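K.L.:
based on what follows, work out the 3D shape:
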Amino acid sequence: MLTLFATVNVDLGSVHADSTAVGMGFDVSSTQYGDAKDYKYYSTYTYKVKNDVNYAIGWSKVKGAVYEDQTNSNWALAIIQVTSQPKDIKIPWGIFNIKRLYDGYTYNQNIYSDIDGSFKNFGYGAYITGTGFLMEQPTPRDEPDTFSYTASVEVSDQIKASGSVTFDDNELDLYFGHQADTQEFEVDYRYSCSGFDCSYRNAMTYNKAAFLVDMSNSNNSTAGNFVNTIKLTTRFHSQSGPDSWQMFGIEEELSITLFY
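P.N.:
Residues are numbered from 1 along each chain as shown. Modelled structure (predicted):
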């Protein structure tokens, strides 16, 4: 009886907040954050234009969810999941328009947010502004080990939200541009080969991020408390094929705005 009771206590402490967090690959404390207040996603293809025809060379997607702290409504948790899927496609080349294979791969993905610079206008004087917001615990914030990294936030030394990504040895590098003084969140996920194996950057992959927002000193809004815009930029490249160097400059930016 005692053993069973102890086991139940441990399980309840790790209950997911809701299916939104689960679907994004996160474990979020239900007691700390409850259900998501808002959830948005957006996806798009990236195209190379040849002879006035669009050829899809990749597909990317950004998902975001925001949670309100159940113990203090001045705090919010934002979690992010992004997807990259490069495409192999034959594109005509030369004066005879002979189709050649572009062996596509993901060069990098960049997640950026100006925590203190978002605004949502509903008209008739109703708006939410992010002025006065403070970014806390931007994550990931440490160099990954050779096989994984974790995006997590903690409250009172307890992990309350966590999402991990695994990969093979040296297939991904992370570059951080977090700026606490200007409230900017930025992570650049740079893809690479593991020795002679480039399968990771040629495959569909996911990346994750998270941060806390302190709204205790924010300016008043006439509708809602929280607003934040998250931007994803994905750059695809081709490791073979004619004019492959031109692929390097092709990137796609998409964004979502979370609010409540």
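K.L.:
can you list the weak-confidence ranges in the stretch 151-260 of the chain?
P.N.:
For the stretch 151-260 of the chain, residues meeting the criterion pLDDT under 70 lie at 240-249.
K.L.:
hey, where'd the helices end up in it?
P.N.:
Remark: helices assigned in the stretch 151-260 of the chain by DSSP state H, counting those that start in this stretch are 199-202.
K.L.:
can you report phi and psi for Q70?
P.N.:
phi -70, psi -20 (degrees, to the nearest 10).
K.L.:
ignore what I typed, I meant E136.
P.N.:
When quoted as degrees, to the nearest 10, the phi and psi of E136 stand at phi -130, psi 150.
K.L.:
could you measure from it over to F26?
P.N.:
Here the criterion is CB to CB, to the nearest Å. By it, E136 lies 17 Å from F26. For glycine as for every other residue, the C-beta is placed from the backbone atoms N, C-alpha and C.
K.L.:
who's more crowded, these two?
P.N.:
Neighbours per residue (other CB atoms under 10 Å) separate E136 from F26, with F26 holding more: 23 against 15.
K.L.:
now that one. Nearest residue, chain neighbours left out?
P.N.:
If the residues on either side of it in the chain are set aside, F26 comes closest to G163, at 4.0 Å by CB to CB, 6 or more residues apart in numbering.
K.L.:
and that neighbour, what are its bridge partners?
P.N.:
Note on G163: beta-bridge partners by DSSP bridges are A151.
K.L.:
does it touch A151 like I think?
P.N.:
Yes: if you go by CB atoms under 8 Å, G163 and A151 touch, sitting 4.9 Å apart.
K.L.:
quick check: neighbours shared by the two?
P.N.:
F26, I79, K208, A210 (CB atoms under 8 Å, 6 or more residues apart in numbering).
K.L.:
these in strands, which ones?
P.N.:
If you go by DSSP state E, those have I79, K208, A210 in strands.
K.L.:
can you get me a residue count around the residue lying closest to the first one once chain neighbours are set aside?
P.N.:
When the adjacent residues along the chain are set aside, I79 lies closest to A210, with 4.7 Å between them (CB to CB, 6+ apart). For A210, the tally of surrounding residues (other CB under 10 Å) stands at 25.
K.L.:
for the stretch 51-200 of the chain, which segments count as strands?
P.N.:
Secondary structure of the stretch 51-200 of the chain (DSSP state E, counting those that start in this stretch): strands at 53-68, 75-86, 88-93, 98-114, 119-123, 126-129, 134-139, 148-155, 158-166, 172-176, 184-191.
K.L.:
quick one: closest of those to A223.
P.N.:
strand 126-129 (4.0 Å; CB to CB).
K.L.:
from the contact counts, what lies against that closest one?
P.N.:
Applying 3 or more CB pairs under 8 Å, 6 or more residues apart in numbering; DSSP states H and E, we find strand 126-129 packed against strand 119-123.
K.L.:
so in that sheet, which strands flank the strand it packs on, and in what orientation?
P.N.:
Applying DSSP bridges, one finds strand 119-123 paired with strand 126-129 (antiparallel).
K.L.:
surely the residue nearest to I79 touches Y149?
P.N.:
No: between A210 and Y149 there is no contact under CB under 8 Å: 11.8 Å.
K.L.:
check contacts around the residue nearest to F26.
P.N.:
Residues near G163 by CB under 8 Å, 6+ apart: M24, G25, F26, D27, I79, Q81, T150, A151, S152, K208, A210.
K.L.:
right, I'll leave it there.
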